[in-house]
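**Student:** Got a predicted model here, sequence first, then my questions.
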Amino acid sequence: MNITVINGTEKHGVTYRLKEMFLAGFSDNANITEYYLPKDCPAFCAGCTNCILKGEQKCKDAEYIRKIEKSLLEADLIVMTSPAYVFHATGAMKALLDHFAYRWIPHRPAPEMFGKRAVIITQCLGSGAKSAAKDMKHSLSWWGISKIEIFTGALMSDIVWEKLPQKKQAELAGKLQKLSRKFAHIDYTTVALLGSILMMLVGTMIKLSISIEDKTRYEFVIYDKEYVVLSSSGDKILVVPFQIDNNGGYIFNTKEYMFKDSYSGVYEYKNIERCPKIVKNAN
């Protein structure tokens, strides 16, 4: 199996130690690729929207982002770690996640993400770990990952591992080892689909509702029958069937979405007279 780890800091402190405890359970049967921030993504997102409108290869930081994305797409398990800085993930982690806005479901989601699993590891001196974990979970969820486990540790007494009471060290280590065993025994040849269909439907609805007022031009493709294309990723496209009512209006049925091979089929752009109606159920 493949594991990709995104470390929100280069510091080898408590978060690093907790992450190492978790990974220890996979050391004999996993290929582990790690990235450390900000070293492996040193620049901030400029908000230029090139990644969304023109393609991720147009990002000024594409040399960093595309390398990390390749690892994420190939991973069976994604691990994100960050200490809590003022109740949030590190700035370096936020900067990286901003770069992946184009992979959010309303934009251009990657189908490979929908069956993946993820673990978030964070800690703090007192409170703040949960809100830091939420920063990372938002992106993981909107990439389409439905199986996300969160570990939060409250150190309470000190931020240096060696200065923590042995009871606290044993407590944190025990929880991490239990979590590691849980994920080490998963059959990663099966995908984690629970929640992915719901996320896909919600994302598709948001995608369409965002552009519903000004979008009347859509791409259509013909396989066994004609579909409307909602998004694409690599060699896959996300399509839904549609109907045309008695008044010539288009009805998109987002519940019956499916993935198709982007290299087959016959494509055509169409300008429709009115914005489409979006329904969740087939008529």
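**Tutor:** Nice, thanks for sending it over.
**Student:** where in the chain is pLDDT low?
**Tutor:** Low-confidence regions of the chain, defined by pLDDT under 70, span residues 191-215, 232-235, 280-283.
**Student:** Enumerate the strands of it by residue range, in sequence order.
**Tutor:** Per DSSP state E, the chain carries strands over the ranges 2-7, 31-36, 77-83, 117-124, 147-154, 217-222, 226-233, 236-240, 242-244, 250-253, 258-261, 266-271, 277-279.
**Student:** now those as JSON lines including distance to residue 58 and mean neighbour count?
**Tutor:** Heads up, the C-betas are built off the backbone N, CA and C, glycines and all. Conversion of the strands of the chain to JSON lines gives the following (distance: least, Cβ to Cβ, whole Å; neighbours: other Cβ atoms under 10 Å):
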{"stretch": "strand 2-7", "distance to residue 58": "23", "mean neighbour count": "22"}
{"stretch": "strand 31-36", "distance to residue 58": "22", "mean neighbour count": "16"}
{"stretch": "strand 77-83", "distance to residue 58": "25", "mean neighbour count": "25"}
{"stretch": "strand 117-124", "distance to residue 58": "27", "mean neighbour count": "25"}
{"stretch": "strand 147-154", "distance to residue 58": "30", "mean neighbour count": "18"}
{"stretch": "strand 217-222", "distance to residue 58": "20", "mean neighbour count": "15"}
{"stretch": "strand 226-233", "distance to residue 58": "16", "mean neighbour count": "19"}
{"stretch": "strand 236-240", "distance to residue 58": "20", "mean neighbour count": "21"}
{"stretch": "strand 242-244", "distance to residue 58": "31", "mean neighbour count": "15"}
{"stretch": "strand 250-253", "distance to residue 58": "28", "mean neighbour count": "18"}
{"stretch": "strand 258-261", "distance to residue 58": "25", "mean neighbour count": "13"}
{"stretch": "strand 266-271", "distance to residue 58": "21", "mean neighbour count": "10"}
{"stretch": "strand 277-279", "distance to residue 58": "29", "mean neighbour count": "16"}
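**Student:** separation between residue 150 and residue 181?
**Tutor:** Using Cβ to Cβ, to the nearest Å, one obtains 17 Å as the distance from residue 150 to residue 181.
**Student:** quick one on the thing from earlier: nearest to residue 14, of the strands of the chain?
**Tutor:** Residue 14 lies closest to strand 117-124 among the strands of the chain, at 5.6 Å (Cβ to Cβ).
**Student:** what distance separates the closest one from the middle of the whole chain?
**Tutor:** In terms of Cα atoms, centre = their mean, to the nearest Å, the gap separating the centre of strand 117-124 from the centre of its chain is 14 Å.
**Student:** Which neighbouring elements make contact with it?
**Tutor:** On a contact count with 3 or more Cβ pairs under 8 Å, 6 or more residues apart in numbering; DSSP states H and E, strand 117-124 meets helix 14-23, strand 77-83, helix 129-142, strand 147-154, helix 166-184.
**Student:** who wins for proximity to residue 225 among those?
**Tutor:** Ranked by Cβ to Cβ, the member of the helices and strands packed on strand 117-124 that lies closest to residue 225 is helix 129-142, at 30.5 Å.
**Student:** Using PDB, write down the CA coordinates of the closest one.
**Tutor:** Coordinates of the C-alpha atoms in helix 129-142 are reproduced here as PDB (Å, rounded to 0.1, in the frame of the first residue of the first chain):
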ATOM      1  CA  ALA A 129      -6.500  20.800  18.500                       C
ATOM      2  CA  LYS A 130     -10.100  20.200  17.300                       C
ATOM      3  CA  SER A 131     -10.300  23.500  15.400                       C
ATOM      4  CA  ALA A 132      -6.900  22.800  13.900                       C
ATOM      5  CA  ALA A 133      -8.000  19.400  12.700                       C
ATOM      6  CA  LYS A 134     -11.100  21.000  11.200                       C
ATOM      7  CA  ASP A 135      -9.000  23.100   9.000                       C
ATOM      8  CA  MET A 136      -7.500  20.000   7.400                       C
ATOM      9  CA  LYS A 137     -10.700  18.000   7.400                       C
ATOM     10  CA  HIS A 138     -12.500  20.700   5.400                       C
ATOM     11  CA  SER A 139     -10.200  20.200   2.400                       C
ATOM     12  CA  LEU A 140     -10.100  16.400   2.700                       C
ATOM     13  CA  SER A 141     -13.900  16.200   2.800                       C
ATOM     14  CA  TRP A 142     -14.300  18.600  -0.200                       C
END
